[in-house]
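**Student:** return atomic coordinates for the entry below.
(one chain, ligands or ions: 1)
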Amino acid sequence: MKDRILLSSPHMSGKEKVYVEEAIESNWVTPLGPFVDKMEAMLSSYTNVPYCAVLNSGTSAIHLALKLSGVSEGDYVICQSMTFSATANPIIYEKAKPVFIDSEKDTWNMCPISLERAIKDLMSKGISPKALLLVHLYGMPAKIDEIIRICNTYYIALIEDAAEAIGSSYKGKACGSFGDFGILSFNGNKMITTSGGGALLSRNEKAIKEAKFLATQAKDNAPHYQHSKIGYNYRLSNISAAIGVAQLEVLDSRVQARRENHEFYYNSLKHLSFISFLKEPKDYYSNRWLSCILIDPIKSGGLNCNDIILALEDENIETRPLWKPMHLQPVFKDELYYGNTVASDLFENGLCLPSGSNLAKTDLERVVNILIKVFKNAGLIK
Ligand SMILES: *Cc1c(COP(=O)(O)O)cnc(C)c1O
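**Tutor:** Numbers count the residues shown, from 1 in each chain. As a prediction, the model looks like this:
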């Protein structure tokens, strides 16, 4: 069996061990500690957002962002439908109501037209949405200017789910730095990893202070354990942060490597009329977390994405369909949805290719060769 090629796997720099050892030697084997402080400072400086709390997951960061935006039971929260379920689940933790919005074709992210239609319809029913969860999917920044304008017009808090978008920017500004809150993820399959972890970013100093308070069991300032709020155990450990500091040191080279993967796939497949790529519009800079392709169902004579996935799996190559939109998920089937079929068409016709920053040129060539073989077998090319 040939070596397995994974979709996106952890990529160590070598410094992780050194820093973890340093944490152990100094007995900072604790939640919080010097690497936690260092990682927060590095993230603030990298994104140009002054306040940051590192947490045990991106999901925790989204949960706290919703709480700090004042979301509570019965409130409506607008959410991009085309995303990973972790974006939407915290809405339910707070017993709030998700309102899912379709994507647009340029960036695959939230469609500003469907969004404005949704808000107007909700308002006509006397509903003012409290917060909006915008995602920068696969590292591609969303239509930020339009979304910010709409959030400002209707007084809706903007939470940017930049879990997949550290290292991406729009007009030179980092994803995660535009909203009232930005969230990042350091799960094992993301751009960089702490094995598991996340971060909450904000320009609001008080909000981040409150996030740190809630994330450490909401202990009041008293000599005994006193609580006037419900808290969480959401902080990142100093050991995880030691890994995170080493990973942040090499982030730019990781972005570069993923962009080169995308470039390779693009150059190898762009001549095929039935394949298209997610283009980078002017002013957009994507970290190309995952390289994705769309197969035109008509031009490809009905070649099915699942057949391609299976053919690659036979060669021990891991690929995935694009995210299944939330409004199509059984668990969210009764929730509101505004839009058409952009997200569901993407889901039907899209594929994520192996995209790790640790892939060798020969790995990428193997993937492309199998794809070409599948297209030949389907009679699409000679
Ligand atoms: C990974 C991911 C998350 C969740 O991050 P965790 O750190 O795994 O909790 C949230 N949103 C999106 C879009 C993601 O891809």
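
**Student:** gap between residue 313 and residue 306?
**Tutor:** Distance of residue 313 to residue 306, computed by CB to CB, to the nearest Å: 10 Å. The C-beta positions use only the backbone N, C-alpha and C, and glycine is treated the same way.

**Student:** cool, residue 173 as well?
**Tutor:** 38 Å.

**Student:** the two: which has the busier surroundings?
**Tutor:** Taking other CB atoms under 10 Å, residue 173 and residue 306 do not tie; residue 173 has more neighbours (15 against 9).

**Student:** which non-adjacent residue is nearest that one?
**Tutor:** Leaving aside its sequence neighbours, residue 173 sits nearest to residue 48 (CB to CB, 6 or more residues apart in numbering; 7.1 Å).

**Student:** enumerate every residue touching that neighbour.
**Tutor:** If a contact means CB atoms under 8 Å, 6 or more residues apart in numbering, then residue 48 has 173, 174, 177 as its contacts.

**Student:** try it again at 10 Å.
**Tutor:** 169, 172, 173, 174, 176, 177, 201, 203 (CB atoms under 10 Å, 6 or more residues apart in numbering).

**Student:** and for residue 242?
**Tutor:** Residue 242 touches 15-24, 28, 33-36, 38-39, 194, counting by CB under 10 Å, 6+ apart.

**Student:** what's the offset of the helix or strand where residue 17 lies from the middle of its chain?
**Tutor:** Using DSSP states H and E, residue 17 sits in helix 15-25. Distance, stretch centre to chain centre, for helix 15-25: 28 Å (CA atoms, centre = their mean, to the nearest Å).

**Student:** give me the pLDDT for the residue in the stretch 51-200 of the chain positioned nearest to the ligand.
**Tutor:** Closest residue of the stretch 51-200 of the chain to the ligand, CB to the nearest ligand atom: residue 58 (2.6 Å). Per-residue confidence (pLDDT) for residue 58: 98.

**Student:** so it sits right up against residue 181, yeah?
**Tutor:** No: in this structure, residue 58 is not within contact of residue 181 by CB atoms under 10 Å, at 12.0 Å.

**Student:** what touches both of these two?
**Tutor:** With CB under 10 Å, 6+ apart as the test, residue 58 and residue 181 both reach 161, 200.

**Student:** measure how buried residue 331 is and give me the count.
**Tutor:** Neighbours of residue 331 (other CB under 10 Å): 11.

**Student:** what's the answer for the one 4 residues further on, then?
**Tutor:** The number of residues packed around residue 335, counting by other CB under 10 Å, is 18.
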